[in-house]
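*Asks:* Quick one, what's the 3D model for this:
(one chain, ligands or ions: 1)
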Amino acid sequence: MILLDKENNVFTLHTQNTTYQMKADQHSVLVHTYYGPRVAGGDLSYLVRYADRACAPNPSEAGLDRTYSLNTIPQEYSTCGVGDFRLPSIELELPCGSRSADLRYAGCQLRRGKYALEGLPAFRGSEEEAETLVLLLEDAAAQVRVELYYGVFEPLDLITRAVRVVNFGEGPIRLRQCASLCLDFLRSDLDLITFNGCHLMERSPDRAPLRSGVQGVDSIRGASSHQHNPFVVLCDHDAKEDYGLCYGALLLYSGNFQISAEGSQYDNTRLVMGINRYQFCWTLEPGQSFTAPEGALVCSPSGLGQMSRQYHRAIREHLIQDPYEGGRRPVLINNWEATYFDFDADKLVDFAKAAAPLGVELLVMDDGWFGKRDDDNSGLGDWTVNERKLPGGLKALVPRIQELGMSFGIWIEPEMVSEDSQLYREHPDWAFRVPSRTPARGRNQLVLDFSRPEVRQHVYGQIKAVLSSADIAYVKWDMNRSLSDVWSAALPPNRQGEVYHRYVLGVYEMLDQLRRDFPHMLIEGCAGGGGRFDAGMLYYTPQIWCSDNTDAIDRLRIQYGTSFCYPVSAMGAHVSAVPNEANGRTTPIEARGTVAMSGTFGYELDPNKTTQEEKEVIKQQVAFFKEHYHLIQRGGYYRLTDPFANGPYTAWEQVSSDRREALISLVATSLQAAPPFQTLRLKGLDPQLTYQVNGGDSYPGDVLMNAGYPLPLFHGDYQSLQLYLSAI
Ligand code: DGJ
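*Replies:* Model prediction:
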């Protein structure tokens, strides 16, 4: 619910459990007055207090009032160069060369339904589901209008934000920074949690008390990155899964980003999130506008678990565009780890022959099917079928797979080019390179300049022809290197600061085109595993390959970290062969299945190399997954243990919305002789109901949550359990 007090210029956003408030004050500065657990409201500006502070300039309108300073007031969208020395949200380069911004409130609009952003991913909400508030700010000297957008999804405690900057003056303006959101807190006793890692070990949570000064995470790799995710949490020092005040801040963007938290003097905090300032400079000619990507806030007064569940629902119900909406996505088998580049049509048909009777429904042909591509040194950019491997093309192969009862999917990496390719030989200038420098290779490939429409059109034309040549049910869109040598031959020197962002807009445009041309095709995102696992991509690709690390034990940590923001239905996860190719570990197939099942679920092994016994297990896993699909993919997700705490096991739980069903999953990660008995306390059940476990014994919900479920003693490495609970 959005409340407008136009007389006092107070704007209050209520969600089910939270309240967010701003006020345009006596000098038309938009002040942030409150964000936290839901309160009755009224004008909360008395929470903002004023004192004569040294070294804090006073705007001229304040006259001789030395207690009024932009440097000490909590700002809704911070400015720069005019008296606030904390993190700016916007920096304008004026025709005179000044870099400053001074914004004053100029009006508001209220609408039913959620705003949309042209060319950018954004949460969607109908008139019944969401409301929009637009607050208009103006910089009179710069002749710039800044529109602050707020989308309010009441039941989800979700407040989205976006920013549009319009040049209404007569000369060009250069935007040096345009953050998606700024959030000031009148406290600094907070922890900052970020999600970091590397290729093969993405999104490990890192939690530390906020310090004085600026801290945060960012990426200048052109993609959101394996190293830092565009999502952070600020929370009470003692916040845990089930208690404490937590604020999640998620950026819907897949390129260079920057999330900075500043612990400032007088124990205040500022969070600023948006496109990275690194190399960013966007020219706005008179009449032009720029839109910053969307940010999404969830405040949970009752712990990290509730924050995650709200994000999961929001992403599932209002962000992802799922061609299987309401139904079930297919269980797949992917040939990558089993064959790498060494496959042909007959081998793929053999995969399908073995996988179909196990209940697997989709065969995905990974890298190596096109151009001259027998290893990763050539072929990218030539998106035509290699007829030596696949005689007769997809037209011949796909029906052979379909005859076996499976659908067919394919791998692509549209943004890249190999120097050893037809495309590169014809258009070397289409790859990023700085004039007179030789570009750096990554995986022996270069990056195509996707900021240029003609480059995108050429690549898309080829890919569309392949996808139209047969009945393709799925596409895996990969991206296997970070961007370097970013310079576009299509833009003049003074506009090179636009290239990184134009690249991301180009990727989004092509993904959108793909989605519209093939509305029934499932698209999985991927970037060398989880190097572009972000909410921007999820808008176009309902699932993203979580990591190239398929070891079940490492995956416990990767999927745990990922779950703080992203739902199970988004996490690409497969059962692969052992010893695992990433770390050489051997785990039982049951444990591998339990872990992969808390993701999109599929296999990445040669089914013809599995034993009869393993085939039986796979059959049961697939049947179990299909039976409990909705519970697993859409149930409320509870982290029961922290795999980084090195306890004896890792456990998690999914609970149906009516709390009549739950699935507990557990993998024992360390083993000892003569172990103590363990009792696992469950969450989210109905205390009044009694639950039958795996069709056997029954236990009251309150006992399961307060005393716990008595776990068996484990014997042997990496034993696992799946407990299906149903209310009787
Ligand atoms: C990286 C992906 O993460 C893998 O799954 C696989 O598709 C390879 N690329 C193919 O080159």
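
*Asks:* ok and the residue in the stretch 551-700 of the chain nearest the ligand?
*Replies:* Per C-beta to the nearest ligand atom, residue 604 is where the stretch 551-700 of the chain lies closest to the ligand, at 7.9 Å. No exception for glycine: its C-beta is placed from N, CA and C like everyone else's.

*Asks:* Next: the stretch 151-300 of the chain.
*Replies:* Closest point on the stretch 151-300 of the chain to the ligand, by C-beta to the nearest ligand atom, is residue 199, at 9.1 Å.

*Asks:* check contacts around that residue.
*Replies:* For residue 199, the contact set (C-beta atoms under 8 Å, 6 or more residues apart in numbering) comprises 226, 528-529, 531, 548.

*Asks:* What parts of the stretch 451-600 of the chain come near the ligand?
*Replies:* Residues of the stretch 451-600 of the chain lying close to the ligand (C-beta under 6 Å from any ligand atom) are 478, 480, 526, 528-529, 545, 548.

*Asks:* if we go to 5 Å?
*Replies:* With C-beta under 5 Å from any ligand atom as the criterion, the stretch 451-600 of the chain meets the ligand at residues 478, 526, 528-529, 548.

*Asks:* Select from these the one having the most neighbours.
*Replies:* The most crowded member of these, judged by other C-beta atoms under 10 Å, is residue 526 (27 neighbours).

*Asks:* Residue 147 bridge partners, please.
*Replies:* When bridges are called by DSSP bridges, residue 147 pairs up with residue 136, residue 164.

*Asks:* can you map out the helices along the stretch 301-450 of the chain?
*Replies:* 304-318, 336-339, 345-355, 393-403, 422-426 (DSSP state H, counting those that start in this stretch).

*Asks:* circling back: of the residues of the stretch 451-600 of the chain next to the ligand, which is the nearest to residue 222?
*Replies:* Proximity of those to residue 222 (C-beta to C-beta) peaks at residue 528, which lies at 12.9 Å.

*Asks:* Could you give the number of residues near the closest residue to that closest one other than its chain neighbours?
*Replies:* Spatial nearest neighbour of residue 528, chain neighbours left out: residue 480 (4.7 Å); criterion: C-beta to C-beta, 6 or more residues apart in numbering. Using other C-beta under 10 Å, residue 480 has 21 neighbouring residues.

*Asks:* now swap in residue 177 and tell me
*Replies:* Applying other C-beta under 10 Å, we find 24 residues neighbouring residue 177.

*Asks:* and if you look at residue 66?
*Replies:* Look at residue 66: counted by other C-beta under 10 Å, it has 15 neighbours.

*Asks:* now residue 209
*Replies:* Neighbour tally, residue 209, other C-beta under 10 Å: 11.

*Asks:* wait, what's in contact with the residue in the stretch 251-400 of the chain that the ligand sits nearest to?
*Replies:* Residue nearest to the ligand within the stretch 251-400 of the chain: residue 367 (3.5 Å; C-beta to the nearest ligand atom). Counting by C-beta under 8 Å, 6+ apart, residue 367 touches 336, 340-341, 373, 376, 411, 413, 478.

*Asks:* same question, residue 190
*Replies:* Neighbour list for residue 190: 209-210, 234-237, 269 [criterion: C-beta under 8 Å, 6+ apart].

*Asks:* hmm, try it at 6 Å
*Replies:* Counting by C-beta atoms under 6 Å, 6 or more residues apart in numbering, residue 190 touches 210, 234.

*Asks:* pLDDT score for it?
*Replies:* Predicted confidence (pLDDT) for residue 190: 98.

*Asks:* just residue 692 next, same as before
*Replies:* With respect to pLDDT, residue 692 scores 98.

*Asks:* Okay, buried residues for the top helix by length along the chain please.
*Replies:* Counting residues, the longest helix in the chain under DSSP state H turns out to be helix 499-517. Across helix 499-517, burial judged by 16 or more other C-beta atoms under 10 Å covers 499-508, 510-511, 513-515.

*Asks:* What's the local residue count around residue 191?
*Replies:* 17.

*Asks:* Looks to me like it is in a strand.
*Replies:* Yes: secondary structure of residue 191 (DSSP: H, G, I helix; E, B strand; the rest coil): part of a strand.

*Asks:* OK, contacts around it?
*Replies:* By C-beta under 6 Å, 6+ apart, the contact list for residue 191 reads 207, 209, 235, 237.

*Asks:* That one bridge partners, please.
*Replies:* Beta-bridge partners for residue 191, by DSSP bridges, are residue 209, residue 235.

*Asks:* same thing with the one 4 residues further on?
*Replies:* Bridge pairing for residue 195 (DSSP bridges) gives the partners residue 205.

*Asks:* Was I right to think it contacts residue 562?
*Replies:* No: if you go by C-beta atoms under 6 Å, residue 195 and residue 562 don't touch, sitting 7.8 Å apart.

*Asks:* Counting neighbours, go ahead and name the busier of these two.
*Replies:* Set residue 195 next to residue 562 and count neighbours by other C-beta under 10 Å: residue 562 wins out with 28 against 23.

*Asks:* separation between the more buried one and residue 543?
*Replies:* 12 Å (C-beta to C-beta, to the nearest Å).

*Asks:* Report the contact partners of the most centrally placed residue in the chain.
*Replies:* The centre of the chain sits closest to residue 534, judged by C-alpha atoms, centre = their mean, with a distance of 2.3 Å. Taking C-beta under 6 Å, 6+ apart, we find residue 534 in contact with 224, 230, 254.

*Asks:* hmm, try it at 10 Å
*Replies:* 121, 219, 223-225, 229-231, 250-255, 257, 525, 527, 544, 565-566 (C-beta atoms under 10 Å, 6 or more residues apart in numbering).

*Asks:* Could you count how many residues lie near residue 652?
*Replies:* Look at residue 652: counted by other C-beta under 10 Å, it has 24 neighbours.

*Asks:* Kindly report the same for residue 347.
*Replies:* Neighbour count of residue 347, defined by other C-beta under 10 Å: 15.

*Asks:* Does it touch residue 338 like I think?
*Replies:* Yes: in this structure, residue 347 is within contact of residue 338 by C-beta atoms under 10 Å, at 9.2 Å.

*Asks:* intersection of neighbour lists for these two?
*Replies:* Common contacts of residue 347 and residue 338 (C-beta under 10 Å, 6+ apart): 606, 608.

*Asks:* so what's the backbone phi/psi at residue 704?
*Replies:* phi -60, psi -30 (degrees, to the nearest 10).

*Asks:* Could you do residue 300 as well?
*Replies:* phi -120, psi 120.

*Asks:* rewinding a little: would you agree the residue nearest to residue 528 is in contact with residue 366?
*Replies:* No: the criterion here is C-beta under 10 Å, and residue 480 misses it with residue 366 at 12.0 Å.

*Asks:* Between those two, which contacts overlap?
*Replies:* If you check residue 480 and residue 366 against C-beta under 10 Å, 6+ apart, the residues they both contact are residue 526.

*Asks:* OK, contacts around residue 561?
*Replies:* 193, 195-197, 201-206, 229, 530, 546, 643-644.

*Asks:* Could you tell me which of these count as buried?
*Replies:* Using 16+ other C-beta under 10 Å, the buried ones in the contacts of residue 561 are 193, 195-197, 201-206, 229, 530, 546, 643.

*Asks:* need the residues of the stretch 201-350 of the chain near the ligand, please.
*Replies:* Checking the stretch 201-350 of the chain against the ligand by C-beta under 5 Å from any ligand atom, the hits are residue 336.
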